[in-house]
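Q: Following is a predicted model, sequence given first.
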Amino acid sequence: MTSLTLSNLEKRFGNVEIIRGVDLTIKDGEFVVFVGPSGCGKSTLLRMIAGLEDITKGSLYIGDRLINDVQAAKRGVAMVFQSYALYPHLNVRDNMGFGLKVRKVPVEERQRRVKEAAAALKLEALLDRYPRELSGGQRQRVAIGRAIVGNPQVFLFDEPLSNLDAELRVHMRSEIASLHKRLGNTMIYVTHDQIEAMTLADKIVVLHDGRIEQIGTPRELYTRPGNLFVAQFIGSPKMNIMPAAAITLKPAGREVGTGAAHSIGMRPEHLSVVAPGEGMLRGKVVISEYTGAASLLHVALDNDETCLVTHDGPAPAADTEVGLEIAIENLHFFDREGNAIDGKAIAEPAPLP
Amino acid sequence: MAVPATDKNSARFLRVPRLALKHREAVEAWLFVSPILTGFLIFFLGPLIAVFFYSMTEWNLLTQQAAFVGMENYADALSRNPDFWHVVRNSLIFAAGLVPLNMALALTLALALSRPFFGVVFFRAVFFAPVVTSAVAWAIVWKFLLQNEAGAVNQILAVVGIDGPNWLREPDWAMAAVIVTRVIKMVGLNMILYIAALQTIPRDYEEAARLEGASNWQIFRMVIWPLLAPTTLIIMVITTIGSFKVFDHIYLMTGGGPENGTLVLAFYIYEQGFKFFNVGYASALAMIMFVVVMVLTIVQLMLRRKDMQ
Ligand SMILES: Nc1ncnc2c1ncn2[C@@H]1O[C@H](COP(=O)(O)OP(=O)(O)OP(=O)(O)O)[C@@H](O)[C@H]1O
Ligand SMILES: [Mg+2]
């Protein structure tokens, strides 16, 4: 059993509280991604799980073993570093076999396991090379190979792809996904790239300022963000947020109030351009950015808000008057504190008496 | 027909300025190195050639008589004068004691002081301070501390029940004392070099190794030490050279004694040249020392280069 339980974990560096009480359960074999803006404590949390930072408060279980005070090496975790941390004076074979050598695994078994891992990652041809003789993607694979060789229960990745170019990143992403499928281990993956998070994760943990904002599947986070922060963090381009007071909702031609909602969110990809005067909103195109697959329109609304709209098909020229329409079920409502409130009660027009 | 012509023209067009540029770069380069080059010629190469000439003369400063004697001085040193081999042996003992001790201590201190902790700067300063204190003051103070009965060292040893030797009056102890006090004086320099090198090693290496189950010793042996190799090499070379050139320390603490027990090469050269005024013989000794140091340096460099491959 390699589930993990984090219970009220806290971390302080001196007086600064970096992790402020994290509760999280990770199931056996789950692929969990930590996302969040830079400096929110993702790496710190991962390093606490790895045993590279001690835990100020709270408890951490792997399976049902409390491991707060267990040495890093005895936790059954392997970590892939953002820098790869391949030893420059050792070739690929010795880099991958390092942990086994340190643990005094007999030479033949060491060779065999390195060979197996190398085969799994298509590294056989590179075994005698030194890290400086490898490309970024190859180094990345060696780093993963080094983690696999030790046969860990849990894999930890700290932004493993951030040093790769865009194309390679996409490729390695799919390799990591298939690795997870093949090995079935529990994996925890840190990134601030939300595409990586969305594509890889069984479960995403959105962190902000040392706290968990929301936990959910990629779909849940996208369709039902729990608060303003998550709403704007997940999805690209980010969600338009407008004060509820600035909008009149007219589902099916009838006006409804916005109830307790303080602000309303609309994803750019859910808005569609209609003739001026029609639709829920009205405004003027300010800029139209062509991105290839679609255009990104910046629309200045009559209520003085600016709104992003993803639009495919021929884009309206700047200064064109447009109307914007959005399906009611795609609206997100937030209260004064920024927490999501169920939109149903608001948007559903009250039945006529 | 027109095509090759243009080719030729363009080729020439390209070539002329490139050569000119190369030429200009070369001139600039020589201009930039000329001050140091001038210094090198005047203060190093000139004297070296002069010494080489003196080494082939029998020249007594007192009588101002000089005679060309060819390789006689070298023959004297290498095969006729037993002092010479005794002195070489002393120099080797000095180096063999000082270099490992200095490097081991420097590395230990650097490992302890490379990470920030409260007061780390203070400790670094403490160990570096002797490097910048006057060698004369240092030697004299230690000579004082190492006196037989009145010396602080022996008094402290007496407290714990050890009857300390008369450090500077017994040949073996004198050598040991000179080595140790010299190490304490100079270790700070190597410590700083090691600290600088340690700080360039990314923390990730250590953490990755620790996660894989490496003990502190294994991390040091398998990760840190190999990555320090280039620094270790430099430190080894400069410390070895420094140990062959040691003079002030010997002069002030033991004067080469007792029973010539600390008579090392540099000091012997000084004695021959400026005490007995055998300038020719001293020059030959200096040439020998120059060659020995150079050969040692080259051998060390070659060994390490082979080691690193
Ligand atoms: N050893 C440390 N001492 C003091 N503060 C630290 C230490 N390590 C991290 N921090 C602070 O903790 C906060 C979180 O750092 P962390 O590295 O976990 O962020 P992150 O979410 O991984 O960010 P990024 O996406 O930029 O990697 C930062 O404000 C950082 O300055
Ligand atoms: Mg980080």
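A: Structure's in. What do you need? Ligands and ions are numbered 1, 2, ... in the order given.
Q: for the closest residue to ligand 1 within the stretch 51-200 of chain B, helix, strand, or coil?
A: For the stretch 51-200 of chain B, the residue closest to ligand 1 is residue B:116, as judged by CB to the nearest ligand atom, at 10.7 Å. (C-beta placed from N, C-alpha, C; glycine too.) Classification of residue B:116 using DSSP: H, G, I helix; E, B strand; the rest coil returns coil.
Q: ok, now which ones touch residue A:335?
A: A:260, A:261, A:262, A:341 (CB atoms under 8 Å, 6 or more residues apart in numbering or on different chains).
Q: Can you tell me how far the residue of the stretch 51-200 of chain B closest to ligand 1 is from residue B:131?
A: 22 Å (CB to CB, to the nearest Å).
Q: Tell me which residue of chain B lies closest to chain A.
A: In chain B, the residue that lies nearest chain A is residue B:212 (3.3 Å; CB to the nearest CB).
Q: Please tell me I have it right and that residue contacts residue A:151.
A: No: between residue B:212 and residue A:151 there is no contact under CB atoms under 8 Å: 11.7 Å.
Q: hey, what's in contact with both of those two?
A: Common neighbours of residue B:212 and residue A:151 (CB under 8 Å, 6+ apart) do not exist.
Q: In contact with residue 227, which residues?
A: Using chain A. Applying CB under 8 Å, 6+ apart, the residues contacting residue A:227 are A:213, A:214, A:334, A:338, A:339, A:340.
Q: could you do chain B instead?
A: Counting by CB under 8 Å, 6+ apart, residue B:227 has contacts A:87, A:88, A:89, B:201, B:205.
Q: Buried subset of the residues you listed, written for ChimeraX?
A: Filtering the contacts of residue B:227 down to the buried ones (16 or more other CB atoms under 10 Å in any protein chain shown) takes a single ChimeraX command:
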select /A:87 /B:205
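Q: Which members of the contacts of residue B:227 are positioned in helices?
A: residue B:205 (DSSP state H).
Q: Now for the closest residue to residue A:324 other than its chain neighbours, how many residues are close by?
A: Once flanking residues are discounted, residue A:324 sits nearest to residue A:281: 4.1 Å by CB to CB, 6 or more residues apart in numbering or on different chains. Residue A:281 has 25 neighbouring residues, counting by other CB atoms under 10 Å in any protein chain shown.
Q: which ones are touching residue A:281?
A: A:247, A:271, A:299, A:301, A:302, A:303, A:307, A:323, A:324, A:325, A:326.
Q: cool, residue A:270 as well?
A: A:326, A:327, A:330.
Q: now, among the residues you listed, which is nearest to residue A:234?
A: residue A:330 (14.5 Å; CB to CB).
Q: In the stretch 251-353 of chain A, which residue sits nearest ligand 1?
A: residue A:338 (20.8 Å).
Q: correction: the stretch 201-309 of chain B
A: Closest point on the stretch 201-309 of chain B to ligand 1, by CB to the nearest ligand atom, is residue B:203, at 9.8 Å.
Q: next one: the stretch 151-300 of chain A
A: For the stretch 151-300 of chain A, CB to the nearest ligand atom, closest residue to ligand 1: residue A:192, 4.8 Å.
Q: close enough to count as contact, that residue and residue A:34?
A: No: applying CB under 8 Å, one finds residue A:192 not in contact with residue A:34, separated by 9.3 Å.
Q: I'd like the contacts of residue B:227 as CSV, with pLDDT and distance to ligand 1 appended.
A: CSV is the format used below for the contacts of residue B:227 (pLDDT from 0 to 100; distance: CB to the nearest ligand atom, whole Å):
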residue, pLDDT, distance to ligand 1
A:87, 96, 23
A:88, 94, 23
A:89, 94, 27
B:201, 94, 17
B:205, 95, 17
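Q: Now do the helices in the stretch 101-250 of chain A.
A: Taking DSSP state H, counting those that start in this stretch, the helices of the stretch 101-250 of chain A run over residues A:107-120, A:136-149, A:166-183, A:194-200, A:218-223, A:228-233.
Q: from the ones you listed, which stretch is densest packed?
A: Counting by mean count of other CB atoms under 10 Å in any protein chain shown, helix A:136-149 has the highest mean neighbour count of these, with a mean of 23.
Q: relative to helix A:166-183, how tilted is that one?
A: Angle between the axes of helix A:136-149 and helix A:166-183 is 20 degrees (criterion: axes from the mean of the first three to the mean of the last three CA atoms, to 10 degrees).
Q: circling back: pipe the helices of the stretch 101-250 of chain A into JSON lines and attach distance to residue B:53 and mean pLDDT per row.
A: Formatted as JSON lines, the entries for those read as follows, by distance: least, CB to CB, whole Å; pLDDT from 0 to 100:
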{"stretch": "helix A:107-120", "distance to residue B:53": "62", "mean pLDDT": "93"}
{"stretch": "helix A:136-149", "distance to residue B:53": "58", "mean pLDDT": "92"}
{"stretch": "helix A:166-183", "distance to residue B:53": "66", "mean pLDDT": "90"}
{"stretch": "helix A:194-200", "distance to residue B:53": "74", "mean pLDDT": "91"}
{"stretch": "helix A:218-223", "distance to residue B:53": "85", "mean pLDDT": "94"}
{"stretch": "helix A:228-233", "distance to residue B:53": "81", "mean pLDDT": "94"}
